[in-house]
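Participant: Take a look and give me a structure for this.
(one chain, ligands or ions: 1)
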Amino acid sequence: MNIKTITAATAAAATLALLAACSKAPENEAPVATADHADHAAETPAAAALPRTAAPAGAKVFIVSPKDGETVSSPVKVVFGIEGMGLAPAGEKNDTAGHHHLLVDTELADATVPIPADATHIHFGKAQTEASVELTPGKHTLQLVLGDYLHIPFDPVIESEKITVEVK
Ligand SMILES: [Cu+2]
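Facilitator: Numbers count the residues shown, from 1 in each chain. Predicted coordinates for the structure are as follows:
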């Protein structure tokens with residue numbers, strides 16, 4: 001496991017707690033400064049606001065089926081693979097488990113915020129291991145991104161290769 005990553009995540013969590021505490025302090029009263037607060041004061045607010053879960057070493061996700069370049073018919077049965085960590089429903093905090101997100105014809109725009117929930121970012125928050133996906137005829141890309149209990153990508157991001165399928 002990457003020690004630096006864990007430290008960063010822990011620091012971000014600590015900073016978040018401290019920022020929350022500071023924001024409640026009356027404006028005419030200086031917030032209580034701690035060494036930890038001072039150390040992390042330079043972090044960007046975005047990094048501090050959404051602590052990411054450190055990815056377990058060696059964890060990976062992959063699309064078992066269909067295969068890259070395969071011609072398929074809709075609905076397409078997509079089978080999700082995961083190694084080196086587990087699956088857990090959304091909402092259940094677990095540093096060594098997450099849930100799958102299937103990205104269709106898109107890619108992850110921002111790994112520091114929760115994965116959007118829309119037609120091209122499909123959440124499997126019940127820890128599902130496969131899905132039946134309706135796709136229009138033509139070429140489509142599919143990619144898996146694992147999210148933590150708050151749908152935030154792990155750090156570093158655990159994502160599959162992006163595959164292309166041809167729908168008849
Ligand atoms: Cu999700």
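
Participant: Could you give the number of residues near the closest residue in space to residue 63 that isn't next to it in sequence?
Facilitator: Closest residue in space to residue 63, ignoring its immediate chain neighbours: residue 160 at 5.3 Å, by Cβ to Cβ, 6 or more residues apart in numbering. Backbone N, C-alpha and C define where each C-beta goes, glycine included. Other residues lying near residue 160 total 21 when counted by other Cβ atoms under 10 Å.

Participant: Would you quantify the distance from residue 160 to the ion?
Facilitator: Distance, residue 160 to the ion, using Cβ to the ion, to the nearest Å: 15 Å.

Participant: How about stretch 111-129, which residues are buried there?
Facilitator: Neighbour counts using 16 or more other Cβ atoms under 10 Å place 114, 115, 116, 121, 122, 123, 124, 125, 127 of stretch 111-129 among the buried residues.

Participant: out of those, who's nearest the ion?
Facilitator: Comparing those against the ion with Cβ to the ion places residue 123 closest, at 3.6 Å.

Participant: Just grab the bridge partners of the closest one for me.
Facilitator: Beta-bridge pairing of residue 123 under DSSP bridges involves residue 101.

Participant: my guess is it contacts residue 149, does it?
Facilitator: No. When contacts are counted by Cβ atoms under 8 Å, residue 123 is not listed as touching residue 149 (11.9 Å).

Participant: in this protein, which spans are helices?
Facilitator: Taking DSSP state H, the helices of the chain run over residues 3-24, 35-40, 45-49.

Participant: Report the contact partners of residue 166.
Facilitator: By Cβ atoms under 8 Å, 6 or more residues apart in numbering, residue 166 lies in contact with 69, 70, 71, 72, 138, 139.
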